[in-house]
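# fold the following, please.
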Amino acid sequence: MKYIVIIGDGMADRPLKELGGKTALQKALTPNMDRLAASGISGRVRTVPSDMHPGSDVANLSILGYDPHRYYSGRAPLEAASIGVKLGKNDIAFRCNLVTLKYNRNRTRMIMEDYSSGHISTEEARVLIKDLQAELGTKLIKFYPGISYRHLMIWSGGSADLECVPPHDITGKDIAEYLPVGSGEELLRKIMIDAADILTDHPVNRKRIKKGKNPANSVWLWGQGKKPVLPRFCRKYSIEGALISAVDLTKGLGIYAGFRLLEVPGVTGYLDTNYKGKANAALKALKDVDFVYIHVEAPDEAGHSGKIADKIRAIEDFDRLVVGTVLRGARALGDHRILLLPDHPTPVELRTHTGDPVPFVLFDSRALKKNKGIQFNEEIVDRADALSFEEGHKLMDFFIRGK
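From the prediction side, this is the model:
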């Protein structure tokens, strides 16, 4: 038996008046996902416990079969693993976004204009992070480059006892009310202010402004935590697995879970990602392993941007190039199961995640269903006959073990 999990990050949404009361998922043309829904088991799952922040880290940890209450230790440590940064027992990792702040001359008011600095290129970002390390790095504070706007800061001997807000939650808002609060807040705030001094007139940003692009004129620190300890997926389920993602946090989860990470040229985590390349890499990997986890970030990024057309496009590309390619290729695998779902909603209107339950479909090539009229969208969540998992980490048990 081969097992394929396909995640459309942030794909679920809420009804929009611009779409006549439909969601982006309902409006999008998704024949392949609808086909799965029509011949599989549909249900709803709460991937994020109600008492936890609805982050992709918590949601994907849950989907992989790990109870977040027991195993979650923060987002940044997962990203550290992905980029090869080894954490000591006293190290605290922080996600370090390159962001665009809009402020007046004396900086008495600063607005979070863009949490991604216009999805700055990795090449440009590496120059900025390198210079931040040269100017602000110490024996205890170190900056590490990641991908695009997503980077890391490690605080050796630091504190994780802080309240830090994700920057994509405060787009368009004054940052004064959302700066880090708790043990060590003075140091983090100083680093963010000093970073703005270094980056505002940086040559990289001067060039970006000339081209009409958002400058990466500060950093935002959040997602802190210590190194997690996860049992290997293969020990838990007795199958070897592989994972494909453009996102460091998901790749970090894969590393800690013991998956083989599949590298695919052209994956960006954005609308221009290599969708089909991910699907083909997964199918190829299934010749050697029995489980593959395909994570696609694009719908989530479109949700954060607040652009309805972009989200619809991302969902349709996901359906056509990922789900469609997997369905065609899976015919040669023999017996197989497919689990399709969003990790969480990212409503366009809110531009951030919510912890609402999401729809899922479990397709088994050996036991095809005939579900007339069912399409893959948020309406599945409200169906009286929908299979329900209030504890999201139990869905993986059902997917693999059937119980």
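# mind listing what Ile175 touches?
Leu101, Met110, Ile111, Met112 (CB atoms under 8 Å, 6 or more residues apart in numbering). The C-beta positions use only the backbone N, C-alpha and C, and glycine is treated the same way.
# so how far is Thr100 from it?
12 Å (CB to CB, to the nearest Å).
# what do these two both touch?
Joint contacts of Ile175 and Thr100 (CB under 8 Å, 6+ apart) are Met112.
# can you map out the helices along the stretch 251-400 of the chain?
275-285, 298-305, 308-317, 324-330, 395-401 (DSSP state H, counting those that start in this stretch).
# tell me what the longest one is packed against?
Applying 3 or more CB pairs under 8 Å, 6 or more residues apart in numbering; DSSP states H and E, one finds that helix 275-285 contacts strand 241-244, strand 291-296, helix 324-330.
# list the buried residues for it?
Tyr275, Lys276, Gly277, Lys278, Ala279, Asn280, Ala281, Ala282, Leu283, Ala285 (16 or more other CB atoms under 10 Å).
# quick check: the last one touching Leu262?
The one in question is Ala285. Yes. Applying CB atoms under 8 Å as the test, Ala285 and Leu262 come out as touching, 5.7 Å apart.
# tell me, what's touching those two both at once?
Joint contacts of Ala285 and Leu262 (CB under 8 Å, 6+ apart) are Ala242, Val292.
# from Leu340, how far out is Val5?
8 Å.
# neighbour count winner among those two?
Counted by other CB atoms under 10 Å, Val5 and Leu340 do not tie: Leu340 has more neighbours, with 27 against 24.
# ok, now which ones touch that one?
Val5, Ile6, Gly8, Met33, Leu36, Val323, Phe360, Val361, Phe363, Phe376.
# before we move on, what about Lys236?
Counting by CB under 8 Å, 6+ apart, the residues that Lys236 touches are Gly65.
# measure how far stretch 286-297 is from the centre of its chain, please.
17 Å (CA atoms, centre = their mean, to the nearest Å).
# which parts of the stretch 1-150 of the chain are helices?
Using DSSP H, counting those that start in this stretch, helices in the stretch 1-150 of the chain cover 24-27, 31-39, 56-63, 68-71, 76-82, 122-136.
# tell me what the third one is packed against?
If I follow you right, that is helix 56-63. So helix 56-63, by 3+ CB pairs under 8 Å, 6+ apart, packs with strand 2-8, helix 68-71, helix 248-257, helix 395-401.
# want to throw those into a markdown table with distance to Phe291?
Output for those, formatted as a markdown table (distance: least, CB to CB, whole Å):
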| stretch | distance to Phe291 |
| --- | --- |
| strand 2-8 | 4 |
| helix 68-71 | 19 |
| helix 248-257 | 10 |
| helix 395-401 | 8 |
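# quick one, longest strand in the chain?
strand 91-103 (DSSP state E).
# so for that one, what gets flagged as buried?
Asp91, Ile92, Ala93, Phe94, Arg95, Cys96, Asn97, Leu98, Val99, Thr100, Leu101, Tyr103.
# I'd like the residues you listed laid out as TSV, including pLDDT and distance to Ser156.
Shown next, in TSV, are the buried residues of strand 91-103 (pLDDT from 0 to 100; distance: CB to CB, whole Å):
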residue	pLDDT	distance to Ser156
Asp91	96	5
Ile92	97	8
Ala93	97	10
Phe94	97	12
Arg95	95	17
Cys96	97	15
Asn97	97	21
Leu98	98	22
Val99	98	24
Thr100	97	29
Leu101	95	27
Tyr103	82	31
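# would you point out the most distant pair within those?
Pairwise distances across those (CB to CB) peak at 31.7 Å, for the pair Asp91 and Tyr103.
# so for Ile193, which of the helices and strands packed on helix 275-285 sits nearest?
strand 291-296 (34.6 Å).
# low pLDDT regions in the protein?
106-107 (pLDDT under 70).
# what's the domain layout of it?
As assigned by automatic domain parsing, the chain contains the domains 2-72+230-401, 82-225.
# which parts of stretch 119-128 are buried?
Buried-residue list, stretch 119-128, by 16+ other CB under 10 Å: His119, Ile120, Ser121, Glu124, Ala125, Leu128.
# sorry, slip of the keys, the one I care about is stretch 44-58.
Buried-residue list, stretch 44-58, by 16+ other CB under 10 Å: Arg44, Val45, Arg46, Thr47, Val48, Pro49, His53, Pro54, Gly55, Ser56, Asp57, Val58.
# number of residues surrounding the residue nearest to the third one when sequence neighbours are not counted?
Counting by CB to CB, 6 or more residues apart in numbering, the nearest residue to Arg46 once its immediate chain neighbours are dropped is Pro357, at 4.7 Å. Applying the criterion other CB under 10 Å, we find 24 residues in the vicinity of Pro357.
# include distance to Tyr144 when you put the helices of the stretch 251-400 of the chain into CSV, please.
Shown next, in CSV, are the helices of the stretch 251-400 of the chain (distance: least, CB to CB, whole Å):
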stretch, distance to Tyr144
helix 275-285, 25
helix 298-305, 22
helix 308-317, 29
helix 324-330, 34
helix 395-401, 31
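# please report how far the closest residue to Ser50 other than its chain neighbours lies from Thr346.
Closest residue to Ser50 apart from its sequence neighbours, by CB to CB, 6+ apart: Gly355 at 6.4 Å. From Gly355 over to Thr346 the distance is 11 Å, taken as CB to CB.
# and these two? Which one has more around it.
Of the pair Gly355 and Thr346, Thr346 is the one with more neighbours under other CB under 10 Å, namely 28 against 19.
# surely that one touches His304?
Yes. Thr346 is within contact range of His304, at 6.3 Å (criterion: CB under 8 Å).
# overlap of the contact sets of these two?
Gly10, Thr352.
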